[in-house]
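> need a structure here:
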Amino acid sequence: MLGIALALGFGVLTARHWSGGTALADRYHWFGVLVAAEAAAAGLGCAVLARWNAGRWMAWWVALVVGLHFLPLSALLDDASIAVFGLLQCAGLVLLARPLRRSDVTTSRYAGPLMGTSLLAYAAVSSVLVALGGTAS
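Residues are numbered from 1 along each chain as shown. Okay, the predicted model is just below:
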């Protein structure tokens, strides 16, 4: 329910400011480079994991790439909180690695909820800051 409420709230804000500038103005090409690099890193890493018969680690690897992509994204958006968030996600994934090595469950069993819950929490905090009249950064 929280995710739906946040999506609706941010959707309304986006619609209200549709003709305004964006945080990526004059930097769309760099965002494209970042997304391409992220997709390449995720894909190459998954190919290596598949070759090593370690396919169960693919979700963990993709989650790590996503967490790491927040570092350059924070520079593009000039928002240090995004970098802190990405580092926290990566730290959580590193902490999950040890118990995952000792089990045989797919890594998505724990990496998925970590990433989803943390993204939802970050969006909730951002929405509170926006509601208070500030910015999310």
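> May I have the residues that are in contact with L73?
Taking CB atoms under 8 Å, 6 or more residues apart in numbering as the criterion, L73 is in contact with F31, L34, I82, G86. Glycine gets a C-beta too; all of them are placed from N, C-alpha and C.
> buried stuff in stretch 106-120?
Applying a neighbour-count criterion of 16 or more other CB atoms under 10 Å, the buried positions in stretch 106-120 are T106, T107, S108, Y110, A111, L114, M115, S118.
> Give me the lowest-pLDDT entry from the residues you listed.
Ranked by pLDDT, the buried residues of stretch 106-120 bottom out at T106 (93).
> Identify the spatial nearest neighbour of it, chain neighbours not counted.
Leaving aside its sequence neighbours, T106 sits nearest to R56 (CB to CB, 6 or more residues apart in numbering; 4.7 Å).
> and that neighbour, how many neighbours?
Applying other CB atoms under 10 Å, we find 16 residues neighbouring R56.
> With the one 3 residues further on instead?
Other residues near A59 come to 18 when the count uses other CB under 10 Å.
> roughly how far apart are it and Y110?
Taken as CB to CB, to the nearest Å, the spacing of A59 relative to Y110 amounts to 9 Å.
> Ok, R56 next?
When CB to CB is the yardstick, R56 and Y110 sit 11 Å from each other.
> For this structure, which segments count as helices?
When secondary structure is read from DSSP state H, the chain shows helices at 2-16, 28-51, 58-77, 80-101, 108-131.
> Provide the contact partners of the shortest one at residue level.
Outside of helix 2-16, the residues within contact range by CB under 8 Å, 6+ apart are L120, A123, A124, S127, V130.
> No further questions, thank you.
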